[in-house]
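J.: Sequence plus predicted model, see below.
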Protein chains: 2
Amino acid sequence: MTKYFELISQTILFKGLPDQHIDELLKIAREKDFVKNVLIFTEGDNGDGFYINVEGLVKIFKLSPEGKEQILHIFGPGEPYGEVPVFSGQTFPANAETLSKCRSLFFPRKAIVNLITENPSIALNMLAVLSLRLRQFTVQVENLSLKEVPGRLAAHLLILSIEQDKTDTINLNISKSQLASLLGTIPETLSRILSKMAGQNLIDVQGRKIKLLDIEGLEMLAQTGRIADIEKL
Amino acid sequence: MTKYFELISQTILFKGLPDQHIDELLKIAREKDFVKNVLIFTEGDNGDGFYINVEGLVKIFKLSPEGKEQILHIFGPGEPYGEVPVFSGQTFPANAETLSKCRSLFFPRKAIVNLITENPSIALNMLAVLSLRLRQFTVQVENLSLKEVPGRLAAHLLILSIEQDKTDTINLNISKSQLASLLGTIPETLSRILSKMAGQNLIDVQGRKIKLLDIEGLEMLAQTGRIADIEKL
DNA sequence: TTATTTTTTTGACATAAGTCAATGCAGACC
DNA sequence: GGTCTGCATTGACTTATGTCAAAAAAATAA
């Protein structure tokens, strides 16, 4: 497991922990490999541990009674997921499915609880992580209720450009249908809005690569959330 | 502060803690009184501590650039709020304002961090609480994106009937405008939907009191989220 | 390569919900 | 009692976005 030392010490959950604690964590970790489109856990399952993703993409989503899917998160390498029910002692509130061939480390609930009891600093770290997640959700709730789809899309593209540290061409990494679900809409609507934004020279779409042509315009769109305001230019 | 012993030991944040820890907590708490419509903190403020509400109502909300308000939570007596940035060491992600005359206990960040370092079990408790909050947000995101307003309203009414432990007449406790914001909509839409649901004998509205006439119908509405399915009856 | 499946785009249409504006109603206060 | 102010309702209208269906494009497999 020591080959994951670097990765684990970089994850937000354990960043800043002393080396010996990382070693202890690696001792209780179990390697899990998944092929594409595998359900890792489903809503209602017992939360007997959490995961840190090593490679590939994992989507966290909920299903409506009619089967419509709302993606809550998509996690890449180094990101923890499934940690919510570990402490609340309840079941998973959503489903997790791989979007590609995937490898994750699994940390069993009991071992983690023991470790925390012995090392309070780990707990403080994790408290910070959960707080951060909570903050992200706050933003997502705001996006879903306060902004229309063009605004959410613009905000998402700007976040990607920061994450990928690029000011020109960004990479979605996921399909447009999945992006639609992440934004709380459907592929048709997303497609129309993408071409509308391209028509206004805000962006240039090339498959999964999107060139940001007018950062300022996108920021305005992300702020006001109404494409109408931009069209009037 | 000992007069708050009962209350603190009942809050979700500290439930199950041994008495001596509650005593320590009470030592670091500060009483804060607010009149109606006072901003307790605003988005961007430094999170140098969190609150537990003692009496009155506090709303947590975000504002869109145009000033539209999205209420995230409304907290009553015994409920903690503002705990998110205490651990992430960041600023508050939303605003807090009193809806009535209000009293809250304030717990400074540093004192809490010290206490946790000495008593890991407190941290485990708090981890559970944050996890729970996270779970609530997951549901809220689902509601906002997967259900239409009638569905969200029905779900909300059913939750209230459980919280208030009543099967017949429930009390909103807040104005209908505030309820609209909590559901991610506007007063006009809420008004129309309330009368529509009354016309179908699902509920009976008397000011802030709402009589639930057809629990099964409401549950179906909360599930499917589409009032059309009900209308066809 | 060709064939087959999946994803994306486009069009016509239906509808939920927001905007604007006017009116009605209730409690607070003089 | 009357006036005032905030809240709730109603109506006419606009618009964003979902639904359904079909075509086009892209990805994958044979």
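T.: Perfect, thanks for sending it.
J.: Name the residue of chain A that lies nearest to DNA strand D.
T.: At 2.9 Å from DNA strand D, residue A:148 is the closest residue in chain A, using C-beta to the nearest atom of the strand. To be clear about C-beta, it is placed using only N, CA and C from the backbone, and glycine gets the same treatment.
J.: need the residues of chain A near DNA strand C, please.
T.: A:175, A:176, A:177, A:187, A:188, A:190, A:191, A:192, A:194, A:195, A:205 (C-beta under 7 Å from any atom of the strand).
J.: ok, 10 Å please
T.: Residues of chain A lying near DNA strand C by C-beta under 10 Å from any atom of the strand: A:37, A:99, A:145-146, A:148, A:172, A:174-181, A:186-196, A:198-199, A:205-208, A:225-226.
J.: Now, of those, which are buried?
T.: A:99, A:145-146, A:148, A:172, A:174, A:178-181, A:190, A:193-194, A:225-226 (16 or more other C-beta atoms under 10 Å in any protein chain shown).
J.: how about the helix or strand hosting residue A:151: buried residues?
T.: Taking DSSP states H and E as the definition, one finds residue A:151 inside helix A:149-163. Within helix A:149-163, the residues that count as buried by 16+ other C-beta under 10 Å are A:149, A:150, A:151, A:152, A:153, A:154, A:155, A:156, A:157, A:158, A:160, A:161.
J.: Can you tell me how far the last one is from residue A:210?
T.: For residue A:161, the distance to residue A:210 equals 9 Å [C-beta to C-beta, to the nearest Å].
J.: Pull up the overlap in contacts between those two.
T.: Residues touching both residue A:161 and residue A:210 by C-beta atoms under 8 Å, 6 or more residues apart in numbering or on different chains: residue A:170.
J.: which of the buried residues of helix A:149-163 are close to chain B?
T.: Among the buried residues of helix A:149-163, proximity to chain B is found for none (C-beta under 8 Å from any C-beta of the partner chain).
J.: mind checking which helix or strand of chain A has the lowest mean pLDDT?
T.: Lowest on mean pLDDT, DSSP states H and E among the helices and strands of chain A sits helix A:227-231, with a mean of 46.
J.: Now do the same contact list for the residue lying closest to residue A:29 once chain neighbours are set aside.
T.: The spatially closest residue to residue A:29, leaving aside those adjacent along the chain, is residue A:105, at 4.4 Å (C-beta to C-beta, 6 or more residues apart in numbering or on different chains). By C-beta under 8 Å, 6+ apart, the residues touching residue A:105 are A:1, A:4, A:8, A:29, A:30, A:31, A:32, A:51, A:52, A:54.
J.: now residue A:80
T.: Applying C-beta under 8 Å, 6+ apart to residue A:80 gives the contacts A:11, A:12, A:13, A:50, A:51, A:52, A:53, A:129.
J.: go with 10 Å
T.: Each residue near residue A:80 by C-beta atoms under 10 Å, 6 or more residues apart in numbering or on different chains is listed here: A:8, A:11-14, A:50-53, A:104-105, A:107, A:126, A:129, A:133.
J.: what does residue A:186 give?
T.: Shown in contact with residue A:186 (C-beta under 10 Å, 6+ apart): A:68, A:149, A:177, A:180.
J.: for it, phi and psi?
T.: phi -120, psi 160 (degrees, to the nearest 10).
J.: The closest residue to residue A:19 other than its chain neighbours and residue B:208, how far apart?
T.: Excluding the flanking residues, the one nearest residue A:19 by C-beta to C-beta, 6+ apart is residue A:9, at 7.6 Å. Counting by C-beta to C-beta, the separation of residue A:9 from residue B:208 is 54 Å.
J.: and the residues of chain A next to DNA strand C, which of them are in helices?
T.: Among the residues of chain A next to DNA strand C, DSSP state H puts A:145-146, A:176-181, A:187-196, A:198-199 in helices.
J.: got the residues of chain A near DNA strand D?
T.: A:36, A:64, A:66, A:68, A:100, A:144, A:147-153, A:175, A:180, A:183-193, A:196, A:206-209, A:225-229, A:231.
J.: measure residue A:79 to residue A:91 for me?
T.: Distance from residue A:79 to residue A:91, counting by C-beta to C-beta: 21 Å.
J.: Which one's more surrounded, these two?
T.: Each of residue A:79 and residue A:91 has its neighbours counted (other C-beta atoms under 10 Å in any protein chain shown); residue A:79 has more, 18 against 15.
J.: Any stretches of chain A with poor pLDDT?
T.: Scanning chain A for pLDDT under 70 picks out A:1, A:65-66, A:224-233.
J.: Would you mind giving the domain segments of chain A?
T.: A:2-144, A:147-231 (automatic domain parsing).
J.: So which of the ones you listed is nearest residue B:24?
T.: Of all the domains of chain A, domain A:2-144 sits nearest to residue B:24, with 14.7 Å by C-beta to C-beta.
J.: can you give me the end-to-end distance of the closest one?
T.: 41 Å (C-alpha to C-alpha, to the nearest Å).
J.: Run the chain-centre distance for that domain.
T.: Per C-alpha atoms, centre = their mean, to the nearest Å, the displacement of domain A:2-144 from the mean C-alpha position of its chain is 11 Å.
J.: With stretch A:150-169 instead?
T.: On C-alpha atoms, centre = their mean, the centre of stretch A:150-169 falls 14 Å from the chain's centre.
J.: do stretch A:209-220 as well
T.: Computed by C-alpha atoms, centre = their mean, the chain-centroid distance of stretch A:209-220 equals 22 Å.
J.: Output that stretch as PDB, nothing but the C-alphas.
T.: Extracted as PDB, the C-alpha positions of stretch A:209-220 are listed here (Å, rounded to 0.1, in the frame of the first residue of the first chain):
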ATOM      1  CA  LYS A 209     -13.000  20.600 -25.400                       C
ATOM      2  CA  ILE A 210     -14.400  24.000 -24.900                       C
ATOM      3  CA  LYS A 211     -12.500  27.200 -25.700                       C
ATOM      4  CA  LEU A 212     -13.500  30.200 -23.400                       C
ATOM      5  CA  LEU A 213     -13.600  33.200 -25.700                       C
ATOM      6  CA  ASP A 214     -15.100  35.800 -23.400                       C
ATOM      7  CA  ILE A 215     -14.300  35.200 -19.800                       C
ATOM      8  CA  GLU A 216     -15.900  38.500 -18.700                       C
ATOM      9  CA  GLY A 217     -19.100  37.700 -20.500                       C
ATOM     10  CA  LEU A 218     -19.100  34.300 -18.900                       C
ATOM     11  CA  GLU A 219     -18.600  35.800 -15.500                       C
ATOM     12  CA  MET A 220     -21.500  38.200 -16.100                       C
END
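J.: Okay then, goodbye and thanks.
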